[in-house]
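Asks: next input, structure requested:
(chains A, B and C)
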Amino acid sequence: MAENVKPKVRVPKSASAGEVITLKTLISHPMESGQRKDSDGNVIPRSIINRFTCEFNGETVIDITMEPAISTNPYFEFEAKVPEAGTFTFTWYDDDGSVYTESQDIAIS
Amino acid sequence: MNKTGLLMTAVALVASGVWAQDDNQLVINGEIEIITDAPAPEYISGLDTIYSGWRFRQPAMQQLEMDDFENPASLAIDDAVEQWSMVEGSEGKSCASCHEDVEDSMAGVRAVYPKWNEGAGEVRTLANQINTCRTENMGAEAWKYDGTQMTGAEALIGMQSRGMPVNVAVDGPAHETWKKGEEMYYTRYGQLELSCASCHEENYDNYIRADHLSQGQINGFPAFRLKQNRLIQTHNRFKGCIRDTRAETFSPGSPEFVALELYVASRGNGLSVEAPSVRP
Amino acid sequence: MTITRRQTLIMAVGAAVATALPFGAFASVEDHITEFTGGAELGNEGLTLTAPTIAENGNTVPIEVDAPGAVSIMVLATGNPTPAAGTFNFGKLAGSQMASTRIRLAQTQDVMAIAKMSDGSFVQATQEVKVTIGGCGG
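Replies: Numbering: from 1, shown residues only, chains lettered A, B, ... in the order given. Sure thing, here's the model as predicted:
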């Protein structure tokens, strides 16, 4: 597992039923592309997060396939529809099998 | 959408061939207004107006600094927040033990550093002061002057002064150090015989190869530099600049760089503290 | 046949050009497109790709894709050693078919996005991003 991997999400605390809200996510990860060489000239093996998903109460908002061209500390911004109160679940899948999750509740105002 | 708007602006500006220093306004998180231009202080004879480096960047890069969540320094800030209340050293203290809430205790601090320390009889940078706190008050080891922990702490402390004008003292007991810094600023270094002024006073807004030269203001330091993908300290940038003139450079934390930092900071008196800024 | 010095030179140049062309990368871009679209024709309306015309640093280039009614959008950095950047698949609770991220660009190149629309058709948008290799050392 890559060291010190920390997910961060920004979700509004509340929304009105059916409202479309903006979500922002960030995770600390080197996203080693597999294209770089170390000081001895050896290729540094690829080690990236290869998939990110966001679900709300079990329904998919977005499901992203990630490739080495995604920058270090991957950032995503997208929109979700909020039909009811519930929980957003964010999941990042690492090449090495690690899975990082973060969740946040949203209330209906 | 805001971002789209800005990117579109970039397209328009490039299309018309004008993408020099712009008139964009910097507001962080939609609430902190940053002063990015101001009349030059009267002791700076070579400039009429001072500009933050932010004004010389492309809109897509400017955008990264306008929302703390999007600022790539935010992860380092999170680490620094944890560090703030981490007990270290023989005295069983953390920063928070004495300074409590960083947002209250550190507001305004960055704006006046480097500053004269009466007890020590010398000008101290913020990094000097942090290490003094660690060794003398916490009984902890000093951090590397320009290491990750130090730049993180400086960024966290710096951002508590965002929007406040830089206001370092250039007279009184600090004046002698300031004069040394001024002399360094105008001294040509290295095989290329370049002074700080050669690029940042006489040629700001011009290009040096593909680089759009700014005035070299340090109100946004430590800055998150995308090229290195981490926070970069003022002295680290000084070191790189002098080395690029093909000169023997000075070390971060050296008396020379402390003096230069005071002088360069004073050239930005009147601009807002902007740390941590985002630069290419 | 007699091979003249001139012909030999031309052949050598030809071989050099063939070697120098990043045909691996070209094939790869084509492969990705074919895999995503199944070889379907690409329209040019309905997908907006927003990227800076000039990126001051290739490590972090913000891009945004927006294609109302899309099922998924693939992004290709056509000039990278591995051109695939990512594919955004929009679910039932997507508030729009828009997403932004930051990508790496190894050099000045075309960034391409292809959207698969809900009716099964495909549209594309391409924009050149100039990557300036600036940045005084540090």
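Asks: quick one, what contacts the nearest residue to B:Asp48 once chain neighbours are set aside?
Replies: Leaving aside its chain neighbours, B:Asp48 sits nearest to B:Ala40 (5.7 Å; criterion: C-beta to C-beta, 6 or more residues apart in numbering or on different chains). From N, CA and C alone the C-beta is placed, and that goes for glycine too. B:Ala40 makes contact with B:47-50, B:267, according to C-beta atoms under 8 Å, 6 or more residues apart in numbering or on different chains.
Asks: mark which of these are buried, thanks.
Replies: Among the contacts of B:Ala40, those classed as buried by 16 or more other C-beta atoms under 10 Å in any protein chain shown are B:47, B:50, B:267.
Asks: reformat these as CSV; add secondary structure and distance to chain A.
Replies: Below are these laid out as CSV (DSSP: H, G, I helix; E, B strand; the rest coil; distance: C-beta to the nearest C-beta, whole Å):
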residue, secondary structure, distance to chain A
B:Leu47, coil, 35
B:Ile50, strand, 32
B:Arg267, coil, 32
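Asks: beta partners for A:Val82?
Replies: Taking DSSP bridges as the rule, A:Val82 bridges to A:Glu19.
Asks: isn't it up against A:Leu23?
Replies: No - A:Val82 lies out of contact with A:Leu23 (C-beta atoms under 8 Å); the separation is 10.2 Å.
Asks: out of these two, which sits in the more crowded spot?
Replies: Counted by other C-beta atoms under 10 Å in any protein chain shown, A:Val82 and A:Leu23 do not tie: A:Val82 has more neighbours, with 25 against 22.
Asks: need the contact list for the more buried one.
Replies: A:Val82 neighbours (C-beta under 8 Å, 6+ apart): A:15, A:17-21, A:56, A:106, A:108, C:93.
Asks: how about 10 Å then?
Replies: Residues in contact with A:Val82 (C-beta atoms under 10 Å, 6 or more residues apart in numbering or on different chains) are A:11-12, A:14-21, A:56-57, A:61, A:88, A:106-108, C:93, C:95.
Asks: low-confidence ranges, the chain, go.
Replies: Picking chain A for this. In the predicted model, chain A carries pLDDT under 70 at residues A:1-3.
Asks: oops, chain C please
Replies: Along chain C, the parts satisfying pLDDT under 70 run over C:1-27, C:134-135, C:137-138.
Asks: find the closest residue to chain A in it.
Replies: Nearest to chain A, among the residues of chain C, is C:Gly91, at 2.7 Å (C-beta to the nearest C-beta).
Asks: possible to save the contacts of B:Ala40 as CSV with pLDDT?
Replies: Conversion of the contacts of B:Ala40 to CSV gives the following (pLDDT from 0 to 100):
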residue, pLDDT
B:Leu47, 95
B:Asp48, 95
B:Thr49, 95
B:Ile50, 96
B:Arg267, 98
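Asks: please enumerate the strands of the stretch 1-150 of chain B.
Replies: B:26-28, B:32-34, B:37-39, B:49-51, B:115-117, B:122-124 (DSSP state E, counting those that start in this stretch).
Asks: residues near the closest residue to B:Ile28 other than its chain neighbours, how many?
Replies: Excluding the flanking residues, the one nearest B:Ile28 by C-beta to C-beta, 6+ apart is B:Met66, at 5.9 Å. B:Met66: 22 surrounding residues under other C-beta under 10 Å.
Asks: pop out the phi and psi values for B:Met66.
Replies: For B:Met66, the backbone dihedrals are phi -90, psi 0 (criterion: degrees, to the nearest 10).
Asks: equivalent analysis for B:Arg243, please.
Replies: According to degrees, to the nearest 10, B:Arg243 has phi -60, psi -40.
Asks: got a pLDDT number for the nearest residue to it once chain neighbours are set aside?
Replies: Among residues not flanking B:Arg243 along the chain, B:Thr249 sits closest, at 4.5 Å (C-beta to C-beta, 6+ apart). Here, the pLDDT recorded for B:Thr249 equals 94.
Asks: and B:Thr249, how far is that from B:Asp146?
Replies: 13 Å (C-beta to C-beta, to the nearest Å).
Asks: wait, isn't the residue nearest to B:Arg243 in contact with B:Phe257?
Replies: Yes - counting by C-beta atoms under 10 Å, B:Thr249 does reach B:Phe257; the two are 9.3 Å apart.
Asks: which helix or strand contains A:Gly25?
Replies: Residue A:25: Thr, not Gly. Element membership for A:Thr25 (DSSP states H and E) is strand A:19-27.
Asks: is the very next helix or strand once past that strand positioned near chain C?
Replies: As assigned by DSSP H and E, the chain's next helix or strand after strand A:19-27 is strand A:49-56. Yes - Strand A:49-56 reaches chain C (C-beta under 10 Å from any C-beta of the partner chain) through A:50-56.
Asks: ok so, going back, do you know how far the residue of chain C closest to chain A is from A:Ile64?
Replies: Note on C:Gly91: its distance to A:Ile64, by C-beta to C-beta, is 11 Å.
Asks: just B:Asn167 next, same as before
Replies: Counting by C-beta to C-beta, the gap from B:Asn167 to A:Ile64 is 46 Å.
Asks: between these two, who's got more neighbours?
Replies: It is A:Ile64, of B:Asn167 and A:Ile64, that has more neighbours when counted by other C-beta under 10 Å, with 25 against 16.
Asks: now do the SS call for C:Met74.
Replies: Classification of C:Met74 using DSSP: H, G, I helix; E, B strand; the rest coil returns strand.
Asks: that one contacts C:Lys116, doesn't it?
Replies: Yes - using C-beta under 10 Å, C:Met74 is in contact with C:Lys116, at 8.0 Å.
Asks: who has more neighbours out of these two?
Replies: Set side by side, C:Met74 and C:Lys116 show more neighbours around C:Met74, with 25 against 22, by other C-beta under 10 Å.
Asks: circling back: any shared contact partners between B:Thr249 and B:Asp146?
Replies: Listed as contacting both B:Thr249 and B:Asp146 by C-beta under 10 Å, 6+ apart are B:239, B:257.
Asks: when the two are compared, which one has more neighbours?
Replies: Comparing B:Thr249 with B:Asp146 by other C-beta under 10 Å, the one with more neighbours is B:Asp146, at 22 against 19.
Asks: what are the ranges of the helices in the stretch 51-200 of chain B?
Replies: Along the stretch 51-200 of chain B, the segments classed as helices by DSSP state H, counting those that start in this stretch run B:59-63, B:74-84, B:95-99, B:102-105, B:126-132, B:148-159, B:175-185, B:196-200.
Asks: tell me which of the ones you listed lies nearest to C:Gly58.
Replies: Smallest distance to C:Gly58 across the helices of the stretch 51-200 of chain B (C-beta to C-beta): 12.2 Å, for helix B:59-63.
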